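>>> Sequence first, then the predicted structure:
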Amino acid sequence: QKKKKKKNYTMRLKIGMALLVLFASCKGTSQEKEMATASKTKEQTEFKVQKTKEEWKKELTDAQYYVLREAATENPFSSDLLKNKKKGTYVCAACGTPLFKSETKFDSGTGWPSFYQEIDGNVGYEIDNTYGVRTEEHCATCGGHLGHVFEDGPEPTGLRHCINGVALKFEPAK
């Protein structure tokens, strides 16, 4: 009788702990940020640079088109920009808008170029429910998909802009 009670208590304790972990992990602080509460979708937003699907396909490589226009993700550790340590600016591969300065780049170990700060006003945000709730980033000029932003980056912002390298071009400092 005592063994059975102890076994039931242990089972309830395990279930309770599992439920606690599940509920505690469901809501991240990124959901509270203003940047993650965009009500407009990219399709509803008027961007300064607008082109047809055919025009984008002519101007971009297949990989660039797939990431920038179809919101795909490149394979981790595949970008030449991942290990780039040169001084300069990372711009949108589709329209040339300056997005990130090299001084804000850091090695996150994730396999994608990461930055702790965007160039103010040049990156837009919207909620992405594809795999849980994340904050998607896009070029504010042409709407090209860049990647996602997370709240596990270094100081001074605490943000990690995890960007597809194929969505960027690097312009060295002059």
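Happy to help now that I have it.
>>> quick one, what contacts the most centrally placed residue in the chain?
By Cα atoms, centre = their mean, the chain has its centre lying nearest to residue 148, at 0.8 Å. Residues counted as contacts of residue 148 (Cβ atoms under 8 Å, 6 or more residues apart in numbering) are 128, 134-137, 162. Placement of C-beta: from N, CA and C, glycine included.
>>> a markdown table please, covering the residues you listed and showing pLDDT and secondary structure.
Formatted as a markdown table, the contacts of residue 148 follow (pLDDT from 0 to 100; DSSP: H, G, I helix; E, B strand; the rest coil):
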| residue | pLDDT | secondary structure |
| --- | --- | --- |
| 128 | 79 | strand |
| 134 | 86 | strand |
| 135 | 93 | strand |
| 136 | 94 | strand |
| 137 | 96 | strand |
| 162 | 97 | strand |
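>>> now this protein, which segments are flagged as low pLDDT?
Residues of the chain meeting the criterion pLDDT under 70: 1-45.
>>> if we can go back for a sec, secondary structure element for the residue nearest to the centre of the chain?
Following DSSP states H and E, the helix or strand that holds residue 148 is strand 145-150.
>>> So in that sheet, which strands flank that strand, and in what orientation?
Pairing partners of strand 145-150, with direction, according to DSSP bridges: strand 134-139 (antiparallel), strand 160-163 (antiparallel).
>>> Identify the residues contacting the longest one?
Same thing as strand 134-139. Taking Cβ under 8 Å, 6+ apart as the rule, strand 134-139 contacts 30, 33, 35-36, 42, 68, 71, 92, 94-95, 97, 99, 118, 122-128, 144-150, 161, 163, 167.
>>> Stretch 59-79 now?
With contact meaning Cβ under 8 Å, 6+ apart, stretch 59-79 is reached by 51, 53, 56-57, 92-94, 110-113, 136, 139, 144-147, 164-167.
>>> The same query, at a cut-off of 6 Å, please.
56-57, 93-94, 111, 144-145, 164-167 (Cβ atoms under 6 Å, 6 or more residues apart in numbering).
>>> Restricted to strands, list those residues.
Here DSSP state E is the test, and the contacts of stretch 59-79 give residue 145 as lying in strands.
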